[in-house]
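*Asks:* I need the structure of the sequence given here:
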Amino acid sequence: MGRSKSGKRGRRTFSAEFKVEAVHLVRERRAAGVSLAQIGRELDVRAELLRAWERQVDERAGAAVRDVFPGKGKLPSAEEEVRRLQRENAVLRQERNFLKKAAAFFAKESR
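*Replies:* Down below sits the predicted model:
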């Protein structure tokens, strides 16, 4: 990737598959005694980033790759569904409260 005039590289993005493969490689190479810094240099990825990916894989063990690394600010599908249901629940509560008030109003008017 090209560097700017200041010598810094622009922000890079990595696919979920690359991240999973990188974590797999990290685990294999560390078992062979290779340092995380060396693995990072080989992959051209900071060691801290590899460590974060490894932690994320561990936290979401057993999940689909797209749920381990959903990307671009997206939530894993289960968390996304929970948030959608919470929003829907809030709307339903508001509608129920409105209907209660309307029923009380019309009951009062019909007397």
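*Asks:* The chain: helices as residue ranges?
*Replies:* 16-31, 36-43, 47-59, 65-68, 77-109 (DSSP state H).
*Asks:* For residue 9, find the nearest of these.
*Replies:* helix 47-59 (13.0 Å; C-beta to C-beta). Yep, even glycine has a C-beta here, placed from its N, CA and C like the rest.
*Asks:* who's in contact with that closest one?
*Replies:* Contact with helix 47-59 is made by 19-20, 22-23, 26-27, 36-37, 39-40, 43, 68-69, as judged by C-beta atoms under 8 Å, 6 or more residues apart in numbering.
*Asks:* For the closest residue to residue 25 other than its chain neighbours, give its distance to residue 45.
*Replies:* Of all residues not flanking residue 25 in the chain, residue 39 sits nearest, at 6.8 Å (C-beta to C-beta, 6 or more residues apart in numbering). Using C-beta to C-beta, to the nearest Å, one gets 8 Å for the distance from residue 39 to residue 45.
*Asks:* In this protein, what helix or strand scores lowest on average pLDDT?
*Replies:* The helix or strand of the chain with the poorest confidence is helix 65-68; it has a mean of 66 (mean pLDDT, DSSP states H and E).
*Asks:* that older thread, same list (the helices of the chain) but as CSV, adding distance to residue 9.
*Replies:* What follows is the helices of the chain, written out as CSV (distance: least, C-beta to C-beta, whole Å):
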stretch, distance to residue 9
helix 16-31, 17
helix 36-43, 14
helix 47-59, 13
helix 65-68, 25
helix 77-109, 31
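*Asks:* can you tell me which of these comes nearest to residue 10?
*Replies:* Set against residue 10 and scored by C-beta to C-beta, these come closest in helix 47-59, at 15.2 Å.
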